[in-house]
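K.L.:
okay, structure incoming, though there's no sequence with it:
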């Protein structure tokens, strides 16, 4: 039996000082583990739990999801659930079998991802004299010699990988909390400004709405960094305090007494969209008063023939405004109500759209407008135009979704 496996790559593969140093460190650590000098570190790990942790921490190792998939295919050739890094863990699949277990991955792609795994220090190549992968068994069927890929480095990195995965989970949790805080600030500011406009409160509410939109238009980019989110949260918290104080200052003494029965205020519906929302073709007369209040007897809920999963894929940004995730249509409706205010769509335009299209379709339209926010100059005017088409039964939400889907492809 060969006591020391090959450490240099076969053929044109180059040896590097970094690779040699890693192999030396692994050999020394394995020697200590076999001698019982490993302390609390056993050098063992449950292979499936380890792969799950590595998937979470893959960015720290600069690995793609396909590289992780290839590593999972390699690990599947081991017979034991627990990987023992105190000794070599050699797997020797043929190219064809490895490709099959890697879901049909092409040979060139396999070679690229193998190089990435070696570079990340998660496996070694243990090449035979002719570069073939194989094993030789003894009289009793035990493996005496094996050449292929050594997974021992993966097992020996288990403690590091699990620690990194825990860090990633903690960072993701903190990021989710930040996004939730930002979304709640956006929601509360939006509702207060909307209420002030509907109630015709004294104060520069149109100016506040413009300020709000400038802060919230791209408030939750999908790749927002924690520092940027913290800064945005702090700005929104300060602005929220300003908005709340302005609203409280507009209340009369009777209203402050909270006696709604005696001091109920006459609310005015904001029938006209603000100037920044109107396009050149839309006049103020077209935005005239139709109350957003709908008669329950006349209301007929309209359903949309699209799954929520498909909508998430076509319009992912709307999900950023669902603090707990978009688990159902109600979450979408709440997010759309927040986003429409951020986009400058008036309560009147929103109410008419829901009446003409149905709540689900109107919410989907808001999600579509959000995806194309950089292209649509006047979201309010655009929604009113679609609403008029819906009133004439000349509107198809599926056609809009399919068009955006094709554009993204």
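P.N.:
Everything's here; your move. All figures in this text were calculated on a predicted structure; none of them were measured in a lab.
K.L.:
where does residue 267 land on pLDDT?
P.N.:
Looking at residue 267, its pLDDT reads 42.
K.L.:
my bad, should have said residue 252
P.N.:
So residue 252 comes in at 76 (pLDDT).
K.L.:
can you check residue 146 too?
P.N.:
As predicted, residue 146 sits at a pLDDT of 77.
K.L.:
residue 74 now?
P.N.:
The model's pLDDT for residue 74 equals 95.
K.L.:
also residue 282?
P.N.:
Looking at residue 282, its pLDDT is 35.
K.L.:
ok, residue 140 next?
P.N.:
According to the model, residue 140 scores 63 on pLDDT.
K.L.:
distance from the chain centre to the helix ranked longest in the chain, please.
P.N.:
For the chain, the helix with the greatest residue count under DSSP state H is helix 158-198. Centre-to-centre, helix 158-198 and its host chain are 12 Å apart (C-alpha atoms, centre = their mean, to the nearest Å).
K.L.:
just for the stretch 151-300 of the chain, where's the confidence low?
P.N.:
Along the stretch 151-300 of the chain, the parts satisfying pLDDT under 70 run over 217-224, 255-300.
K.L.:
what do you get if the cut-off is 80, keeping everything else the same?
P.N.:
Confidence mapping of the stretch 151-300 of the chain against pLDDT under 80 gives the ranges 216-225, 252-300.
K.L.:
neighbouring contacts of stretch 69-82?
P.N.:
44-48, 51, 54, 83, 89, 91-93, 98, 101-103, 105, 110, 113-114, 117, 122-123, 149, 151, 154 (C-beta atoms under 8 Å, 6 or more residues apart in numbering). Backbone N, C-alpha and C define where each C-beta goes, glycine included.
K.L.:
quick one, helices of the stretch 251-400 of the chain?
P.N.:
Remark: helices assigned in the stretch 251-400 of the chain by DSSP state H, counting those that start in this stretch are 253-256, 260-263, 308-314, 329-342, 347-357, 359-371, 379-391, 397-408.
K.L.:
buried set for the longest strand seen in the chain?
P.N.:
Across the chain, the longest stretch assigned as strand under DSSP state E is strand 143-150. Neighbour-count burial for strand 143-150, with 16 or more other C-beta atoms under 10 Å as criterion, is recorded at 146-150.
K.L.:
and for stretch 96-106?
P.N.:
Neighbour counts over stretch 96-106 (16+ other C-beta under 10 Å) mark 98-99, 101-102, 105 as buried.
K.L.:
name the nearest residue to residue 359, ignoring sequence neighbours.
P.N.:
In this structure, residue 359 finds its nearest non-sequential neighbour in residue 333, 5.8 Å apart by C-beta to C-beta, 6 or more residues apart in numbering.
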